[in-house]
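Trainee: A predicted structure for the sequence below; I have some questions about it.
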Amino acid sequence: MIADVVEHLRPKGSYSIWIWRLLVGAALLIFWQWAAGTLIREAYLAKPTSVMWRLYELFATATIWVHIRVTLTEVVIGYLMGSFLGLAVGFLLGSSRFLAVVFEPYVMAFYGIPRIALAPIFIIVLGIGIWSKVAVVFIQVFFMLFINAYAGVREINQEYLQLARIMGAKGGLILRKIIIPSTMPFIMLGLRSAVPYAVVGAVVGEFIAASKGLGYFINYAGSTFDSAGAFAGIFILLGFIMAANGLMQWLERTVIKWRRSEGMIVQG
Amino acid sequence: MSSAIRLQGVSKIYTAGETQVRAIENVSLEIRGDSFVSLIGPSGCGKSTILKLLAGLTRPSAGVIEFWGKPILGINNQVGYVTQDHNLYPWLTLQENVEFPLLARGIAREERQHQAGDLIRMVGLAGFENAYPYELSGGMQKRGSIIRTLIYDPGVILMDEPFGPLDAQTRLVMQQELLDLWARKRKTILFVTHDLAEAITLSDQVVVMTRRPGQIKGIFDLPLARPRDVFTIHESPEFHEIYRRIWHSFRDEIRSQVGGRL
């Protein structure tokens, strides 16, 4: 049954799929090019050609680099801190029933609120510089990794652990050889899903209060009716997320070699 | 020969919320060193509980358990445990899986590789050292999990329906291999199964348990000569005779279980 479904999902020839994908993309672009200026005024919706032109300008004059650098810095610092701490706390609570029971209501309360809503508070506390955005990114990534690591530790096959002890393994070895590898698929899933959340966190933070960064750039372009500029910023963010996703997929394939690549089903 | 395992009046009650399940009750059993003993009984009769007690994974509610004359305190890493699922670690290669117990015992890399390599060759898995468990067939996985136990040379090996998930042909092959291995490396084996033919084929002694709460119903010594050939042993009249005798005892337990349910 499952094999049938997989067979069905897998494209017959990957070339034809790519051609169709490109055709759909081209059709959308052509429609957009036509619609801007006829259906919607160009001041509201820039034509793709002007967006491309603007992107070229931004990179040619190097004015965009400062924004990219700021957003990238916020994302990377917040992401690294959030993943480390999220993993550590997830492992801790996952391995101790006592801690899990004590902290559960707090974790659930935090998990329930939209964490992006904390952004204004971080700005009050940490100012409009990068650190308030780092904090927003951090809190987004932290929960993603925490939840996944916690679930991963909880899902460990108990027989694996019991057999390891019977075979004479102790704490450190069990952690390194059993617990961490066993939770690795969960961790990789958390790391991958956290990427867009991290970018959203930085951008929203910059929307609220900033003087640099892609979020600031897009927000500024929007408020001055510079549609081409706003789209140019969005395309850069898109490139950002796609690059990070590619990196994560490569990392996942490198780290987890030991199972059939189920990911293929999703990726088509 | 001294007793490898001695259970005296052992009971185990599992508590799950309000309900208490009496898994085994007043079990007394003595297993000689280097003997192959099968434990057989209807499903849910507490066969696996006895293995868990011996591995130190759980404590008895009452009674005394001795392992080579000493009580079991905590996890018992003097036993080998082969479970129904192969339980090879999916993220380790076959070689790494087989080396794992030696790694846990702090044995040097070269020695680990040497010993694991020998065992892997012995069970005909040469060439698959770097394969991950998902790349191996059911029988190969099972061989892997058996040699992972043999590598640290435990005096007692507990096997919990190890061949349950295998197809009938692979099962026979594995039974023969287990007998050959056992002939070479004499161990005390306590083998849980619900397949009477398998129990007789392999064992020196068959212990029949009652349905839950599991008690010992009968202990049968098997007069079958060794070495045995699992492919022909069923044809001998002795096999039939002993099968019939044990089956009478075993049958009543299964029948009463059915009656109880209806």
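Mentor: Nice, I can see it.
Trainee: any idea how many residues pack against residue 25?
Mentor: Chain wasn't specified; assuming chain A. When neighbours are defined as other Cβ atoms under 10 Å in any protein chain shown, residue A:25 has 10 of them. For the C-beta atoms, the positions are set from N, CA and C on the backbone; glycine is no exception.
Trainee: please go with chain B instead
Mentor: By other Cβ under 10 Å, 20 other residues sit near residue B:25.
Trainee: what parts of chain B come near chain A?
Mentor: Within chain B, the residues that sit near chain A (Cβ under 8 Å from any Cβ of the partner chain) are B:55-57, B:75-77, B:79-81, B:83, B:85, B:87, B:89-92, B:100-101, B:103-105, B:132-134, B:148-149, B:152.
Trainee: residues contacting the residue most central in space within chain A?
Mentor: Compute the mean C-alpha point of chain A, and by Cα atoms, centre = their mean the closest residue is residue A:195, 1.5 Å away. Taking Cβ atoms under 8 Å, 6 or more residues apart in numbering or on different chains, we find residue A:195 in contact with A:79, A:241, A:244-245, A:248.
Trainee: mind running it again at 10 Å?
Mentor: Residues near residue A:195 by Cβ atoms under 10 Å, 6 or more residues apart in numbering or on different chains: A:75, A:79, A:141, A:144, A:240-245, A:247-248.
Trainee: what about the residues of chain B next to chain A, which are in helices?
Mentor: Those of the residues of chain B next to chain A mapping onto helices are B:55, B:100-101, B:103-104, B:148-149, per DSSP state H.
Trainee: hang on, the earlier thing: can I get the contacts of residue A:195 in a markdown table including neighbour count?
Mentor: Below are these laid out as a markdown table (neighbours: other Cβ atoms under 10 Å in any protein chain shown):
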| residue | neighbour count |
| --- | --- |
| A:75 | 26 |
| A:79 | 27 |
| A:141 | 28 |
| A:144 | 26 |
| A:240 | 20 |
| A:241 | 15 |
| A:242 | 11 |
| A:243 | 11 |
| A:244 | 20 |
| A:245 | 13 |
| A:247 | 13 |
| A:248 | 17 |
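Trainee: quick one: which of the residues you listed is nearest to residue B:4?
Mentor: For the contacts of residue A:195, the minimum distance to residue B:4 (Cβ to Cβ) is 51.2 Å, reached by residue A:144.
Trainee: for the stretch 151-268 of chain A, give me the ranges with low pLDDT.
Mentor: A:260-268 (pLDDT under 70).
Trainee: show me which residues of it sit near chain B.
Mentor: A:157-160, A:162-170, A:173-174, A:177-178, A:180-182, A:184-185, A:255-260 (Cβ under 10 Å from any Cβ of the partner chain).
Trainee: make a ChimeraX selection of the buried ones in these.
Mentor: Buried subset of these, written as a ChimeraX selection, criterion 16 or more other Cβ atoms under 10 Å in any protein chain shown:
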select /A:160,162,163,164,165,166,167,168,169,173,174,177,178,180,181,182,184,185,256,258
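Trainee: filter the residues of the stretch 151-268 of chain A next to chain B down to just the ones in helices.
Mentor: A:158-160, A:162-166, A:173-174, A:180-182, A:184-185, A:255.
Trainee: and these, which two are furthest apart?
Mentor: Every pair of those checked by Cβ to Cβ; the farthest is A:166 and A:255, at 27.7 Å.
Trainee: I'd like to know how many residues surround the closest residue to residue B:146 other than its chain neighbours.
Mentor: Residue nearest to residue B:146 in three dimensions, not counting chain neighbours: residue B:82, with 5.9 Å by Cβ to Cβ, 6 or more residues apart in numbering or on different chains. The number of residues packed near residue B:82 is 25, by other Cβ under 10 Å.
Trainee: now residue B:82: how far from residue B:189?
Mentor: Distance, residue B:82 to residue B:189, using Cβ to Cβ, to the nearest Å: 9 Å.
Trainee: what's the overlap in contacts for these two?
Mentor: B:157-159, B:178.
Trainee: in three-state terms, label residue A:44 for me.
Mentor: Under DSSP: H, G, I helix; E, B strand; the rest coil, the three-state class of residue A:44 is coil.
Trainee: neighbours of it, how many?
Mentor: Residue A:44: 9 neighbours (other Cβ under 10 Å).
Trainee: grab the nearest non-local neighbour of it.
Mentor: residue A:227 (6.0 Å).
Trainee: how close does that neighbour sit to residue A:25?
Mentor: Where residue A:25 is concerned, residue A:227 sits at a distance of 20 Å (Cβ to Cβ).
Trainee: residue A:94 now?
Mentor: Separation of residue A:94 from residue A:25 (Cβ to Cβ): 42 Å.
Trainee: and for residue B:77, the neighbour number?
Mentor: Neighbour tally, residue B:77, other Cβ under 10 Å: 20.
Trainee: OK, contacts around the nearest residue to it once chain neighbours are set aside?
Mentor: The shortest distance from residue B:77 to any residue other than its chain neighbours is 4.4 Å, reached at residue A:168 (Cβ to Cβ, 6+ apart). Counting by Cβ under 10 Å, 6+ apart, residue A:168 makes contact with B:75, B:77-78, B:100-106, B:152, B:154.
Trainee: and the helices in chain B, which stretches?
Mentor: B:47-55, B:94-104, B:109-122, B:138-150, B:168-184, B:196-202, B:237-261.
Trainee: likewise chain A?
Mentor: With DSSP H as the criterion, chain A has helices spanning A:2-9, A:14-35, A:48-60, A:65-95, A:97-112, A:119-126, A:130-154, A:158-166, A:171-174, A:180-208, A:214-223, A:227-255, A:263-267.
Trainee: ranking those by burial, who's on top?
Mentor: Most buried of the helices of chain A by mean neighbour count (mean count of other Cβ atoms under 10 Å in any protein chain shown) is helix A:130-154; its value is a mean of 24.
Trainee: now that helix, how far from the chain's geometric center?
Mentor: Computed by Cα atoms, centre = their mean, to the nearest Å, the separation of helix A:130-154 from the middle of its chain amounts to 11 Å.
Trainee: stretch B:83-92 too?
Mentor: For stretch B:83-92, the distance to the chain centre is 16 Å (Cα atoms, centre = their mean).
Trainee: averaged over its residues, what pLDDT does it have?
Mentor: Per-residue pLDDT over stretch B:83-92 has a mean of 92.
Trainee: buried ones in that stretch?
Mentor: Within stretch B:83-92, the residues that count as buried by 16+ other Cβ under 10 Å are B:83, B:85-92.
Trainee: just send those residues back as JSON lines, with distance to residue B:21 too.
Mentor: As requested, the buried residues of stretch B:83-92 are exported to JSON lines (distance: Cβ to Cβ, whole Å):
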{"residue": "B:83", "distance to residue B:21": "21"}
{"residue": "B:85", "distance to residue B:21": "23"}
{"residue": "B:86", "distance to residue B:21": "28"}
{"residue": "B:87", "distance to residue B:21": "24"}
{"residue": "B:88", "distance to residue B:21": "31"}
{"residue": "B:89", "distance to residue B:21": "31"}
{"residue": "B:90", "distance to residue B:21": "32"}
{"residue": "B:91", "distance to residue B:21": "34"}
{"residue": "B:92", "distance to residue B:21": "35"}
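Trainee: among those residues, give me the pair with the biggest separation.
Mentor: The two members of the buried residues of stretch B:83-92 with the most space between them (Cβ to Cβ) are B:83 and B:91, at 17.8 Å.
Trainee: low-confidence ranges in the stretch 1-150 of chain A?
Mentor: Using pLDDT under 70, the stretch 1-150 of chain A drops low at A:1-13.
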